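1. sequence first, then the predicted structure:
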Amino acid sequence: MIRSVLVANRGEIARRVFRTCRELGIATVAVHSDADAGAPHVREADTAVRLPGDAPADTYLRGDLLVRAARAAGADAVHPGYGFLSESAAFAAAVTDAGLAWIGPPPAAIEAMASKTRAKELMAGAGVPLLAPVDPAAATEADLPLLVKAAAGGGGRGMRLVTELDALDEELTAAKAEAAAAFGDGEVFVEPYVVGGRHVEVQILADAHGTVWTLGTRDCSLQRRHQKVIEEAPAPALSEELRTTLHRAAEQAARAIDYRGAGTVEFLVSGNGRAYFLEMNTRLQVEHPVTEAVHGLDLVALQLSIAEGRPLDAAPPRPPGPPRTAAPRRRGRAAGAVRR
């Protein structure tokens, strides 16, 4: 049973995890740089540990300091939040090697999805639908438009749209340079660009007992510079057949890498209703409250429960639907929360 959680993050991210921990009677440990010593997440935690320095590279991105802080504060588990080291297989391994519970997927699952090219190879083997890669050296006019993408990272960095074949080499060079600067990895790949495609993601939860939940869909097609602006759940204008396809593919993706905990499988949906795997985020998403609001679940509570080795129910609860009146509802214990 987890009794004390260090959140290896700051700000709203840490405060979100602390809120659920308080509801479950779990002690909380904050970490902070010198610049964040007076931040709200530091005041709200039961214990706070200083990480000397101001820059993230010297503090929140130092896995060794975070593990040391957890042990010094008497925490028995680490929650990475989202951002910083939340998708670092090395950090997850360091936490477990220190005898602490890691509130996230196994290091091997994180590593499997770290590279988009490697992830696509794994998904192809698992039967998950995806766009076939294009060999830049063999690309023709018939393949246009094309999209150059970075194998590591995200957020649109290292991404280039190619509409003229003569521009492909130049865009490849630019994408590699941007990816290397942003992620320390200049690997890129090329795939067909789906005109008018929609970005739809599926929230998943998986336990150590073979159960995988798929919790509806979220549409995040409205973006600015490849950054999500609006999330809508459930994703509108999807047929039941397409929703079933998306859920089945997300479950296949999770099972293919023996996933555990919360994660998001992202898809591109074409105008003719075909779904293609994009990537998998091996962490809690910043947009997770959208799914929580629709399904009446506390995903952080479920993460904690899974980390303790508890099984999920055979199937997730059905979404409760909208309230019958406009009167505000008192927030109660979220479904899936563990009573202590």
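-> Perfect, thanks for sending it.
2. by contact count, what packs against the host helix or strand of L172?
-> If you go by DSSP states H and E, L172 is part of helix 168-183. In terms of contacts (3 or more C-beta pairs under 8 Å, 6 or more residues apart in numbering; DSSP states H and E), helix 168-183 is packed against strand 146-150, strand 160-162, strand 188-192. (C-beta placed from N, C-alpha, C; glycine too.)
3. so which of these is the most surrounded?
-> Of all the helices and strands packed on helix 168-183, strand 146-150 has the most neighbours on average by mean count of other C-beta atoms under 10 Å, namely a mean of 23.
4. strand partners (parallel or antiparallel) of that one?
-> Strand 146-150 sits in its sheet next to strand 160-162 (antiparallel), strand 188-192 (antiparallel), going by DSSP bridges.
5. quick one, helices of the stretch 151-300 of the chain?
-> Along the stretch 151-300 of the chain, counting by DSSP state H, counting those that start in this stretch, helices occupy 168-183, 240-256, 288-295, 299-307.
6. let me know which of these is tucked in deepest.
-> Scoring the helices of the stretch 151-300 of the chain by mean count of other C-beta under 10 Å, the most buried comes out as helix 299-307, with a mean of 24.
7. ok and that one relative to helix 288-295, angle-wise?
-> 90 degrees (axes from the mean of the first three to the mean of the last three C-alpha atoms, to 10 degrees).
8. could you give the separation of helix 299-307 from the chain centroid?
-> 15 Å (C-alpha atoms, centre = their mean, to the nearest Å).
9. now L299: how far from G25?
-> L299 sits 18 Å away from G25, going by C-beta to C-beta, to the nearest Å.
10. contacting residues around T28?
-> 4-7, 17-18, 21-22, 44-47 (C-beta atoms under 8 Å, 6 or more residues apart in numbering).
11. care to break the protein down by domain?
-> 4-103, 104-129+195-340, 132-192 (automatic domain parsing).
12. looking at the helices of the stretch 151-300 of the chain, which is closest to G38?
-> helix 299-307 (24.8 Å; C-beta to C-beta).
13. so which elements touch the closest one?
-> Helix 299-307 packs on helix 11-23, strand 77-79, strand 198-206, strand 261-269, helix 288-295, going by 3+ C-beta pairs under 8 Å, 6+ apart.
14. show me the contact partners of the longest one.
-> Which is helix 11-23. 5, 7, 9, 27-28, 30, 36, 39-41, 44-45, 79, 81-83, 286, 298, 300-301, 304, 333-334, 337.
15. go on, stretch 213-223?
-> For stretch 213-223, using C-beta under 8 Å, 6+ apart, the contacting residues are 198-206, 228-236, 238, 243, 246-247, 250-251, 287, 290-291, 294-295, 297, 312, 315-316, 319.
16. now that stretch: average pLDDT?
-> When pLDDT is averaged along stretch 213-223, the result is 94.
17. circling back to that earlier point, out of the contacts of T28, which is nearest to L278?
-> Closest to L278, out of all of those and judged by C-beta to C-beta, is V17, at 26.5 Å.
18. give me the pLDDT for that closest one.
-> pLDDT at V17 comes out at 98.
19. next, count neighbours for it.
-> 26 (other C-beta atoms under 10 Å).
20. most tightly packed of the domains of the chain?
-> domain 4-103 (a mean of 19).
21. that domain: end-to-end distance?
-> Length of domain 4-103, first residue to last, C-alpha to C-alpha, to the nearest Å: 12 Å.
22. try stretch 130-141
-> 21 Å.
23. one step back: dump the helices of the stretch 151-300 of the chain to JSON lines, plus distance to G158.
-> Formatted as JSON lines, the helices of the stretch 151-300 of the chain follow (distance: least, C-beta to C-beta, whole Å):
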{"stretch": "helix 168-183", "distance to G158": "3"}
{"stretch": "helix 240-256", "distance to G158": "23"}
{"stretch": "helix 288-295", "distance to G158": "26"}
{"stretch": "helix 299-307", "distance to G158": "29"}
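24. what's the closest of these to R160?
-> Nearest of those (C-beta to C-beta): helix 168-183, 4.0 Å.
25. output the closest one as CSV - backbone C-alpha positions only.
-> The C-alpha trace of helix 168-183 is given here as CSV (Å, rounded to 0.1, in the frame of the first residue of the first chain):
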residue,chain,number,x,y,z
LEU,A,168,12.0,17.2,-50.0
ASP,A,169,15.8,17.1,-49.4
GLU,A,170,15.8,20.7,-48.1
GLU,A,171,13.0,19.9,-45.7
LEU,A,172,14.6,16.7,-44.5
THR,A,173,17.8,18.6,-43.6
ALA,A,174,15.8,21.3,-41.8
ALA,A,175,13.7,18.8,-39.9
LYS,A,176,16.8,16.8,-38.8
ALA,A,177,18.5,19.9,-37.5
GLU,A,178,15.4,21.0,-35.6
ALA,A,179,14.9,17.6,-34.1
ALA,A,180,18.5,17.3,-33.0
ALA,A,181,18.4,20.7,-31.4
ALA,A,182,15.1,20.0,-29.6
PHE,A,183,15.4,16.4,-28.6
